[in-house]
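J.: My questions are about this predicted structure, shown below with the sequence.
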Amino acid sequence: MAAILTSTVVTVVAPLAVYIFPPRNPNQTKQKIRIALDTQVDALQEGGVSRFQAPAGMAFVMADGGEGNSAGDPTFAGYLTRDRGNLRALAITCPHLGCSYAYDDGKRHFVCPCHGSEFALDGAVLHGPATSPLSHLTWQTGPGANEIDVDGINIGS
Ligand code: FES
């Protein structure tokens, strides 16, 4: 029984865990990852969100942390939001236990499918169990109207 359990963990859970929590390599240097959004940055309306994804073999790095997230942690996607006039890029990794949250069209904010935490467009916790706000990504506008450059790392293929 123990052998079956061990083999299940190694063959099924371990690859998923590596995908969700990729190993950190302190020797990796940050670089700008250019992302084409589904909207022009200036056209993102108040209360609007635009989800973006890191290219294959790349990950964004969190600028700050809280709970399970720490500055420097990798994440594979994020949201650009406009809230009370401010643009923010937020890491998609829920600070509670690392699931990817999503925008809820009805609630008009973020909801994590794993345990129900909810977050405002500025990253603040609206509903637990999460107790820490969403992590930010460091970003700047790119050369194209729909492009942003986000801090990230090459994690290989
Ligand atoms: S991982 Fe998001 S609420 Fe638990």
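T.: Sure, I can see it.
J.: Please pull out the lowest mean pLDDT helix or strand from the protein.
T.: Between all helices and strands in the chain, the lowest mean by mean pLDDT, DSSP states H and E belongs to helix 14-20, at a mean of 48.
J.: Mind checking what helix or strand follows that helix in sequence?
T.: strand 31-36 (DSSP states H and E).
J.: Give me the sheet partners of that next one and which way each runs.
T.: strand 147-154 (antiparallel) (DSSP bridges).
J.: In CSV, please show the C-alpha coordinates belonging to the strand it pairs with.
T.: What follows is the C-alpha trace of strand 147-154 in CSV, where atoms were taken according to Å, rounded to 0.1, in the frame of the first residue of the first chain:
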residue,chain,number,x,y,z
GLU,A,147,2.3,46.0,-24.8
ILE,A,148,3.7,45.8,-21.3
ASP,A,149,7.1,44.7,-20.0
VAL,A,150,6.9,42.6,-16.9
ASP,A,151,9.8,41.5,-14.7
GLY,A,152,10.4,37.8,-15.0
ILE,A,153,12.9,35.0,-15.4
ASN,A,154,13.7,32.2,-17.8
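J.: and it, average pLDDT?
T.: Mean pLDDT, taken over the full extent of strand 147-154, equals 97.
J.: where do the strands sit along the chain?
T.: Defined through DSSP state E, the strands belonging to the chain, from first to last, are 31-36, 49-53, 58-61, 74-75, 77-83, 86-91, 102-104, 109-111, 118-119, 125-127, 139-141, 147-154.
J.: Take the ones you listed and write them to JSON lines, including mean neighbour count.
T.: The C-beta positions use only the backbone N, C-alpha and C, and glycine is treated the same way. Rendered in JSON lines, the data for these read as follows (neighbours: other C-beta atoms under 10 Å):
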{"stretch": "strand 31-36", "mean neighbour count": "16"}
{"stretch": "strand 49-53", "mean neighbour count": "17"}
{"stretch": "strand 58-61", "mean neighbour count": "22"}
{"stretch": "strand 74-75", "mean neighbour count": "22"}
{"stretch": "strand 77-83", "mean neighbour count": "21"}
{"stretch": "strand 86-91", "mean neighbour count": "20"}
{"stretch": "strand 102-104", "mean neighbour count": "14"}
{"stretch": "strand 109-111", "mean neighbour count": "20"}
{"stretch": "strand 118-119", "mean neighbour count": "20"}
{"stretch": "strand 125-127", "mean neighbour count": "15"}
{"stretch": "strand 139-141", "mean neighbour count": "16"}
{"stretch": "strand 147-154", "mean neighbour count": "20"}
